[in-house]
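# Please work out how this folds:
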Amino acid sequence: MKTVPVLCLLLLISSLHGQVQAGEVDVVKVQLKQQSPGTYSAAVTLKHNDQGWKHYADRWEILDLQGNLLATRVLAHPHREQPFTRQLTDISIPDGVNQVRVRGHDLLHEYGGVDKIVAVPRPSLSP
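As a prediction, the model looks like this:
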């Protein structure tokens, strides 16, 4: 009789272990390129041990340093390949914003992994 509760406890610990293992989303790399004045494209590389449909990296976001949301790239499914890179185009970044913060999000932990702050490339003015 005592083996049944022990078995149940082991199964519970095992199921929680998978959720804990996945952790939070880390932003590994960001490439920001100007498409036209004020408009940019971004290639963002994320790392997250996706565990399936209930725990996966579901988006990344670009914010100015005051926390205003500038762009969101929704990720529609879990990713087996890790790390992985996804792109977004036509991102509007206002004049005067010289740096942006890129953060990842997952379904279980939401925010909290490693973010990246990157410089916004602006064309140099030649004399």
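# From here on, just use CA atoms for contacts and neighbour counts.
Noted.
# Look up how far residue 62 lies from the residue nearest to residue 44 when sequence neighbours are not counted.
Among residues not flanking residue 44 along the chain, residue 30 sits closest, at 4.6 Å (Cα to Cα, 6 or more residues apart in numbering). Per Cα to Cα, to the nearest Å, residue 30 is found 10 Å from residue 62.
# any residues in contact with both of these two?
Listed as contacting both residue 30 and residue 62 by Cα atoms under 8 Å, 6 or more residues apart in numbering are residue 102.
# who's more crowded, these two?
Neighbour comparison, residue 30 and residue 62: the larger count goes to residue 62, with 23 against 19 (by other Cα atoms under 10 Å).
# A strand includes that one, no?
Yes. Counting by DSSP: H, G, I helix; E, B strand; the rest coil, residue 62 is found in a strand.
# Tell me the bridge partners for it.
Residue 62 has the following beta-bridge partners by DSSP bridges: residue 71, residue 102.
# Would you mind measuring from it to residue 107?
Distance of residue 62 to residue 107, computed by Cα to Cα: 18 Å.
# now swap in residue 57 and tell me
Distance, residue 57 to residue 107, using Cα to Cα: 7 Å.
# what's the next secondary structure element after the worst-scoring helix or strand of the chain on mean pLDDT?
When the helices and strands of the chain are scored by mean pLDDT, DSSP states H and E, helix 3-22 comes last with a mean of 43. Next along the chain after helix 3-22, taking DSSP states H and E as the criterion, comes strand 26-36.
# Direction included, what does that next one pair against?
Strand pairing for strand 26-36, using DSSP bridges, gives strand 39-47 (antiparallel).
# I'm done for today, thanks for sticking with me.
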